[in-house]
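When you get a sec, could you give me coordinates for this:
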Amino acid sequence: MTDRISTGSPRLDEVLHGGLLKNAVNLITGVPGSGKTILSQQAVFKNATKGHPALFLTTLSEPLDKVVRYGESLEFFDPAAIREGRVVYGDVGTDGEEEGIDAILRKFDRFLKETRPGLVVIDGVRSLQTMAANAAAYRQFLFSMLRRLTATATTAVWNAPYKRGEVLDQPEAAIADSIIALDVKQVGERETRVVQVLKLRGSSYRTGEHMYRITSHGLDVFPRLAEPQVEAPYELSESRAGTGIGALDELLAGGGYWSGVATLVAGPTGIGKTLMGLHFLYHGAEAGERGVLATFQENRTQLQRIVSSFGWSTEDPNVQILSRGVVDLNIDEWVYELIELVEKTAARRVVIDSLLDLAASAGDIVRFREWMFSLTQRCTRAGISLMMIMEAPELFQLQRISEHGISHLADNVILLQYVQEGAELVRALTVLKTRAMRHQPMVRRYTITDEGFTLGDVIAVVR
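Numbering: from 1, shown residues only. I've put the predicted structure just below:
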């Protein structure tokens with residue numbers, strides 16, 4: 001595997017399968033404001049050492065004092081690294097502006113000789129093109145820079161304000177060993193930042209677009225959840241995950257769901273889908289199995305009213321609540337928050353309420369289905385019991401479970417529906433599907449009382 005250095009963003013390192021290429025030219029491109037300079041400084045402070053300092057050179061794109069001033073507001077910025085000479089800031093733009101592009105090479109040679117850096121960043125390399133007599137002279141300049149970097153075994157990061165669609169036609173792209181493109185996309189009313197690897201010599205990487213945010217920590221990247229079908233064998237649990245509803249456990253061959261499988265609960269509004277999820281979580285909590293409720297339907301205050309009416313509490317240490325609104329929700333960012341919470345709490349049960357909110361946030365149905373496949377695969381391999389709640393469009397006699405082909409990902413499908421008996425609306429439950437388990441696919445009446453779900457007798461649905 002090719003040697004790497006960290007970008008300073010751990011999940012971007014995952015996308016790159018290890019980080020930036022060492023002793024190579026790494027080109028970071030993107031429209032103004034996309035975070036090229038911030039990402040470059042992250043790499044500088046992450047990799048700078050006394051033996052191998054990091055050199056950050058500005059050109060004509062942004063004044064040196066402005067780069068340092070804005071950098072000081074970021075948490076990774078370390079003034080001690082500058083005082084100790086581990087990080088060196090310099091400028092080569094003014095020399096070239098006054099004396100031409102050859103003066104930049106002479107200044108660059110002095111910096112290399114004086115600092116002996118392990119990493120060199122040239123911020124705004126494209127601005128140097130204006131100092132060359134023509135395109136051929138600029139290409140020769142880039143090649144001269146490359147020879148110096150190769151001779152000194154120095155890793156380089158070049159920044160250039162190219163759009164993704166134009167960067168591969170530029171002279172810098174031909175020389176670069178890796179190309180990381182930052183972009184800002186408009187999806188409906190939302191603005192989303194995405195990073196994509198366009199080139200990485202001698203190495204594989206995670207393809208496609210990956211969402212990121214710019215925070216006080218720098219670039220925080222959220223690799224898209226897109227996992228292939230895993231063929232390697234893994235252990236399946238022989239235990240059962242009780243539903244929390246005794247009569248439903250009986251319908252499921254007397255023991256509940258298999259542990260570590262995915263369950264889809266579908267039904268119209270007001271039918272009790274969320275309550276079924278709460279039964280599942282709090283029953284697990286009583287048995288010592290920690291769980292997470294990931295909800296977009298209610299905030300913590302609203303949930304407290306709901307759960308307390310059934311004798312539960314949002315303060316139960318075995319049930320964690322991840323409540324997020326759908327405004328500006330990005331499912332790539334959200335899923336890493338969920339995964340980190342599950343890992344931190346060692347949760348064995350997860351309820352997502354609801355999938356329609358996630359589908360709306362995805363904006364792309366193909367990506368949503370890919371995302372859901374990856375999440376269910378990850379939970380299954382980890383032995384985590386996943387319950388997904390889906391609102392169905394019809395109140396009576398449902399014609400379809402989901403509009404996005406999600407039901408086939410679930411090992412169990414529980415259908416909740418209304419049945420009209422004269423002037424009365426009756427709630428009814430049917431176990432439509434269970435993998436590797438006997439079940440009774442009958443329509444059962446149920447009521448919601450202070451005790452929660454109470455199943456009744458079998459009823460006939462007349463179509």
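
where does the protein have low pLDDT?
For the chain, the stretches flagged by pLDDT under 70 are 1, 95-98, 188, 228-234, 236, 254, 395-405, 462-463.

Domain parsing of it, as residue ranges.
4-222, 240-458 (automatic domain parsing).

Kindly reformat those domains as CSV containing mean neighbour count.
Backbone N, C-alpha and C define where each C-beta goes, glycine included. Formatted as CSV, the domains of the chain follow (neighbours: other Cβ atoms under 10 Å):
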stretch, mean neighbour count
domain 4-222, 18
domain 240-458, 18
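
what about stretch 257-267, how long is it end to end?
In stretch 257-267, first residue to last residue: 19 Å (Cα to Cα, to the nearest Å).

same thing with stretch 252-263?
12 Å.

just stretch 246-261 next, same as before
In terms of Cα to Cα, the two terminal residues of stretch 246-261 are separated by 19 Å.

hmm, who's touching that stretch?
Stretch 246-261 has contacts (Cβ atoms under 8 Å, 6 or more residues apart in numbering) with 236-237, 239-243, 263, 348, 379-380, 382-386, 411-412, 414, 429, 431, 434-440, 442, 444, 453-455.

Which of those fall in helices?
Among the contacts of stretch 246-261, the residues falling in helices (DSSP state H) are Cys379, Thr380, Ala382.

I'd like to know which of these is nearest to Val31.
Cys379 (36.9 Å; Cβ to Cβ).

contacting residues around Ser73?
Going by Cβ under 8 Å, 6+ apart, Ser73 touches Ser216.

any idea how far it is from Pro223?
With distances taken as Cβ to Cβ, to the nearest Å, Ser73 is found 26 Å from Pro223.

So the residue nearest to Leu16 when sequence neighbours are not counted: helix, strand or coil?
Nearest non-adjacent residue to Leu16, counting by Cβ to Cβ, 6 or more residues apart in numbering: Tyr205, 5.5 Å away. The three-state label given to Tyr205 by DSSP: H, G, I helix; E, B strand; the rest coil is coil.

and the helix or strand hosting Ala137, what other elements does it pack with?
Using DSSP states H and E, Ala137 maps to helix 135-151. In this structure, helix 135-151 packs against helix 101-115, strand 155-160, helix 171-175, with contacts taken as 3 or more Cβ pairs under 8 Å, 6 or more residues apart in numbering; DSSP states H and E.

Next, the angle helix 101-115 makes with that helix.
Taking axes from the mean of the first three to the mean of the last three Cα atoms, to 10 degrees, one finds that helix 135-151 is oriented at 10 degrees with respect to helix 101-115.

Just the CA trace of helix 135-151, in PDB.
What follows is helix 135-151, C-alpha atoms only, in PDB (Å, rounded to 0.1, in the frame of the first residue of the first chain):
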ATOM      1  CA  ALA A 135       0.400  28.000 -21.100                       C
ATOM      2  CA  ALA A 136       3.600  26.100 -22.000                       C
ATOM      3  CA  ALA A 137       5.700  28.200 -19.600                       C
ATOM      4  CA  TYR A 138       3.200  27.500 -16.800                       C
ATOM      5  CA  ARG A 139       3.400  23.700 -17.500                       C
ATOM      6  CA  GLN A 140       7.200  23.900 -17.400                       C
ATOM      7  CA  PHE A 141       6.900  25.800 -14.100                       C
ATOM      8  CA  LEU A 142       4.700  23.100 -12.500                       C
ATOM      9  CA  PHE A 143       7.100  20.400 -13.700                       C
ATOM     10  CA  SER A 144      10.000  22.300 -12.200                       C
ATOM     11  CA  MET A 145       8.100  22.400  -8.900                       C
ATOM     12  CA  LEU A 146       7.500  18.700  -9.100                       C
ATOM     13  CA  ARG A 147      11.200  17.900  -9.700                       C
ATOM     14  CA  ARG A 148      12.100  19.900  -6.500                       C
ATOM     15  CA  LEU A 149       9.500  18.100  -4.400                       C
ATOM     16  CA  THR A 150      10.500  14.700  -5.700                       C
ATOM     17  CA  ALA A 151      14.200  15.400  -5.100                       C
END
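
what's in contact with it?
Helix 135-151 is contacted by residues 23, 25, 101, 104-105, 108-109, 112, 120, 122, 128-129, 132, 154-156, 171-172, 175 when judged by Cβ under 8 Å, 6+ apart.

With stretch 182-200 instead?
Stretch 182-200 is contacted from outside by 12, 15-17, 21, 28-31, 33-36, 39, 163-164, 167-168, 173, 176-181, 205-214, 219, 221, 328, 330, 363, using Cβ under 8 Å, 6+ apart.

Just those: which are in helices?
Leu12, Val15, Lys36, Leu39, Arg164, Val167, Ala173.

Next one: the nearest residue to the fourth one once chain neighbours are set aside relative to Thr37, how far apart?
It refers to Leu39. Leaving aside its chain neighbours, Leu39 sits nearest to Leu219 (5.0 Å; criterion: Cβ to Cβ, 6+ apart). Applying Cβ to Cβ, the value for Leu219 to Thr37 is 11 Å.

Likewise for Gly270?
From Gly270 to Thr37 the distance is 52 Å (Cβ to Cβ).

Hmm, Leu416 and Leu432 touching each other?
No. Using Cβ atoms under 8 Å, Leu432 is not in contact with Leu416; the gap is 10.6 Å.

Tell me which of the helices and strands packed on helix 135-151 lies nearest to Ser61.
That would be strand 155-160 among the helices and strands packed on helix 135-151, by Cβ to Cβ, at 7.7 Å.
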